[in-house]
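A.B. asks: here's my sequence, what's the structure:
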Amino acid sequence: MKGHVMARHFLTLNDLSPDELEALLDHASALRKEWRQGIVRETLKNRVLAMIFEKSSTRTRVSFEAGMTQLGGTALFLSPRDTQLGRGEPIEDSAIVISSMVDAVMIRTFDHETVERFAAASRAPVINALTDDFHPCQLLADMQTYREHRGSIRGGTVAWIGDGNNMCQSYMNAADQFGFNLRIACPEGYEPNSSLMNAHSDRVEILRDPAEAARGANLLVTDVWASMGQEDEQKAREKAFRDYQISPALMKLADKDALFMHCLPAHRGEEISADMMEHTSSVVWDEAENRLHAQKALLEFLILNRLD
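C.D. replies: All right, here's what the predicted structure looks like:
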């Protein structure tokens with residue numbers, strides 16, 4: 001059964017077609033509804049997901065582990081102490097062995113090349129649950145949440161306020177895949193990858209002024225100023241980003257129906273004002289829960305090749 005068909009992977013949003021992504025989000029919303037009605041779904045009975053964490057996480061672990069359990073399957077949590085990809089054994093060897101025993105592999109690590117090398121040798125689907133370059137699973141949840149509250153984002157405008165990090169770079173891929181325009185407001189020296197910028201230049205622009213980025217936007221998004229592993233830069237970043245805060249005042253410049261999102265954890269008083277999480281435009285808690293539903297839809301798609 002396994003190994004005959006080439007496995008589909010989800011390393012960036014570009015691994016799925018726009019049509020597949022749209023269908024996946026519709027399915028995720030249906031799964032959310034079903035789950036809230038208490039309907040039992042055991043599509044992944046006896047299936048196993050290996051979860052390799054080289055970076056710690058709360059939401060990613062809870063959502064994938066709960067998701068597999070809710071679909072009748074099992075998730076194996078492999079902590080940084082249990083697995084050190086590429087140390088002691090080539091990544092490819094780990095991939096061959098692990099993927100021969102499980103139905104899918106989720107990896108959260110530093111170097112994006114790690115997931116690429118693992119996927120190239122894996123006979124099971126590989127999911128990128130965050131690298132230093134991309135965080136595509138979060139984008140599925142974000143796009144699902146926008147659709148549930150406002151309908152299609154196609155033709156809309158998203159303002160990213162803050163660091164040109166892995167989240168920002170996944171938003172750049174999303175701009176193409178979901179057909180929206182992206183304005184990135186970031187301080188000098190904190191831009192996203194320049195080759196990505198060139199690839200997405202028709203839909204993405206970099207601005208220095210958050211107000212200019214927010215004006216008329218349909219969605220405002222941000223992330224912490226210092227990501228995991230950048231804590232030593234905290235002081236310098238606080239200085240560079242101090243004008244890059246999402247607040248009710250900034251939201252006033254956006255479209256009247258604009259939404260506010262944050263992938264969490266949020267540092268109130270830094271990238272967002274203390275009252276932003278409770279703001280009427282905030283859909284942060286739905287967005288967080290939708291990691292569960294979007295990833296369940298993704299797991300069914302990759303393991304079973306189904307979108308309904």
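
A.B. asks: domains in the protein, as residue ranges please.
C.D. replies: Split into domains by the TED database, the chain comes to 9-135+290-304, 138-288.

A.B. asks: what's the end-to-end length of the shortest one?
C.D. replies: With C-alpha to C-alpha, to the nearest Å as the measure, the ends of domain 9-135+290-304 fall 13 Å from one another.

A.B. asks: what's the answer for stretch 217-224, then?
C.D. replies: Terminal residues of stretch 217-224 are spaced 20 Å apart (C-alpha to C-alpha).

A.B. asks: buried set for it?
C.D. replies: Within stretch 217-224, the residues scored as buried using 16 or more other C-beta atoms under 10 Å are 217, 218, 219, 220, 221, 222, 223, 224. Where C-beta positions appear, they are placed from N, C-alpha and C, glycine not excepted.

A.B. asks: give me the contact list for it.
C.D. replies: Outside of stretch 217-224, the residues within contact range by C-beta atoms under 8 Å, 6 or more residues apart in numbering are 142, 146, 150, 153, 156-163, 165, 167-168, 171, 180, 183, 214, 244, 246, 250-251, 254-255, 257-263, 265-267, 270-272, 281.

A.B. asks: restricted to buried residues, select the residues you listed in ChimeraX.
C.D. replies: Those of the contacts of stretch 217-224 that count as buried under 16+ other C-beta under 10 Å are selected in ChimeraX with:
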select :142,146,150,153,156,157,158,159,160,161,162,163,165,167,168,171,180,183,214,244,246,250,251,254,255,258,259,260,261,262,263,266,270,271,272,281
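
A.B. asks: from the contacts of stretch 217-224, which land in helices?
C.D. replies: Counting by DSSP state H, the part of the contacts of stretch 217-224 found in helices is 142, 146, 150, 167, 168, 171, 214, 250, 251.

A.B. asks: state the pair within the residues you listed that is farthest apart.
C.D. replies: Between any two of the ones in helices among the contacts of stretch 217-224, the greatest separation by C-beta to C-beta is 21.2 Å, found for 150 and 168.

A.B. asks: one step back: nearest to residue 87, of the ones in helices among the contacts of stretch 217-224?
C.D. replies: Closest to residue 87 out of the ones in helices among the contacts of stretch 217-224 is residue 167 (27.2 Å), distances taken as C-beta to C-beta.

A.B. asks: and residue 221, that one's in a helix?
C.D. replies: No: counting by DSSP: H, G, I helix; E, B strand; the rest coil, residue 221 is located in no helix; its state is strand.

A.B. asks: so for it, what pLDDT did the model give?
C.D. replies: pLDDT recorded at residue 221 is 98.
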